[in-house]
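[1] Sequence first, then the predicted structure, then my questions.
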Amino acid sequence: MVARAAPGRKVELATHGRISEGGIRVRLADNRAQLDQTFEARQSRMADELARVAMERLFASAPDLGTLVHG
């Protein structure tokens, strides 16, 4: 897998000290660049979208309260 993903590069497996449900976190040795694709990082980046979708699905059959006419 390393040979395909990073040909000619030295790759080391290391822990990052954070509890994680899964995924991968990659960084350059000099820390100039990193990619965090752990479950928690992706969840954090997608929090607003996840909340929007959850609300849409939870309340899909609820009437649209914005169209009620008070009189």
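    Received the coordinates, thanks.

[2] Determine how far the strand or helix carrying residue 40 lies from the middle of the whole chain.
    Counting by DSSP states H and E, the element that carries residue 40 is helix 39-45. Helix 39-45 sits 3 Å away from the centroid of its parent chain (C-alpha atoms, centre = their mean, to the nearest Å).

[3] Who are the packing partners of that helix?
    Where contact means 3 or more C-beta pairs under 8 Å, 6 or more residues apart in numbering; DSSP states H and E, helix 39-45 is not packed against any helix or strand. (Each C-beta comes from the backbone N, C-alpha and C, glycine too.)

[4] Buried residues, that helix. List them.
    residue 41 (16 or more other C-beta atoms under 10 Å).

[5] Pretty sure residue 24 sits against residue 34.
    No. Here residue 24 does not reach residue 34: they are 10.9 Å apart, not a contact under C-beta atoms under 8 Å.

[6] hey, which helix is longest across this structure?
    Under DSSP state H, the helix in the chain containing the largest number of residues is helix 47-58.

[7] Can you give the distance of that one from its chain's centre?
    Computed by C-alpha atoms, centre = their mean, the chain-centroid distance of helix 47-58 equals 14 Å.

[8] and for that helix, what are the contacting residues?
    residue 43 (C-beta atoms under 8 Å, 6 or more residues apart in numbering).
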